[in-house]
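Colleague: Next comes the sequence, and after it the predicted model I'd like to discuss.
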Amino acid sequence: QRQLVESGGGVVQAGGSLTLSCAASERIYSIKNMIWNRQVPGKQREREFVASINSAGTIKYADSVTGRFTISSYNANNTVLLQMNDLKSDDTGVYFCNADLKKFGPQPPSPAWGQGIQVVVSS
């Protein structure tokens, strides 16, 4: 179920920057264990890991984006951002976020994902 919405994608020249945002599509209590993956051209059946931040605040990056991308979360509005700097043509793809959502009420957190957003880096 598409309970997350990505925004901020678009077309940018190599060396430029974009900031992707991921937020819940409905009112929720919290969003945890957030992950950004991407699907690159020619590999429609694969999604490669980009970055993650878990509930303990531990952050991980793919080697290909380390030093250029920054993931951050804002508990106040249950949003996760992916700041992408020094973009390269290899960063072109559809970016997806997924996370565990905790709704108001007794039910435990459940996994959720967005439908993806396009990023095109022109050389």
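Modeller: Right, received. Where do you want to start? Quick caveat, the model's predicted, so the values are computed rather than measured. Numbers count the residues shown, from 1 in each chain.
Colleague: Contacts for the strand or helix carrying residue 70, please.
Modeller: Using DSSP states H and E, residue 70 sits within strand 69-74. Strand 69-74 is contacted by residues 31, 34, 36, 50-53, 59, 61, 79-85 when judged by Cβ atoms under 8 Å, 6 or more residues apart in numbering. Any C-beta I mention is one placed from the backbone N, CA and C, and that applies to glycine too.
Colleague: ok, now with 6 Å
Modeller: With Cβ atoms under 6 Å, 6 or more residues apart in numbering as the test, strand 69-74 has contacts from 34, 51, 53, 59, 80, 81, 82, 83, 84.
Colleague: And stretch 78-92, by the same measure?
Modeller: The list of residues contacting stretch 78-92 from outside it, by Cβ under 6 Å, 6+ apart, reads 12, 14-24, 28, 31, 34, 36, 68-73, 120-121, 123.
Colleague: got the CA coordinates for that stretch in PDB?
Modeller: Output in PDB follows, covering the C-alpha atoms of stretch 78-92 (Å, rounded to 0.1, in the frame of the first residue of the first chain):
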ATOM      1  CA  ASN A  78       7.500  12.700  10.000                       C
ATOM      2  CA  THR A  79       9.600  13.400   6.900                       C
ATOM      3  CA  VAL A  80      12.800  12.000   5.600                       C
ATOM      4  CA  LEU A  81      15.000  14.000   3.200                       C
ATOM      5  CA  LEU A  82      17.800  13.000   0.800                       C
ATOM      6  CA  GLN A  83      20.000  15.800   0.000                       C
ATOM      7  CA  MET A  84      21.900  15.000  -3.200                       C
ATOM      8  CA  ASN A  85      24.900  17.000  -4.200                       C
ATOM      9  CA  ASP A  86      27.400  16.800  -7.000                       C
ATOM     10  CA  LEU A  87      25.000  14.600  -9.000                       C
ATOM     11  CA  LYS A  88      26.400  12.400 -11.700                       C
ATOM     12  CA  SER A  89      24.700  10.800 -14.700                       C
ATOM     13  CA  ASP A  90      24.900   7.400 -12.900                       C
ATOM     14  CA  ASP A  91      22.500   8.800 -10.300                       C
ATOM     15  CA  THR A  92      19.700   8.900 -12.900                       C
END
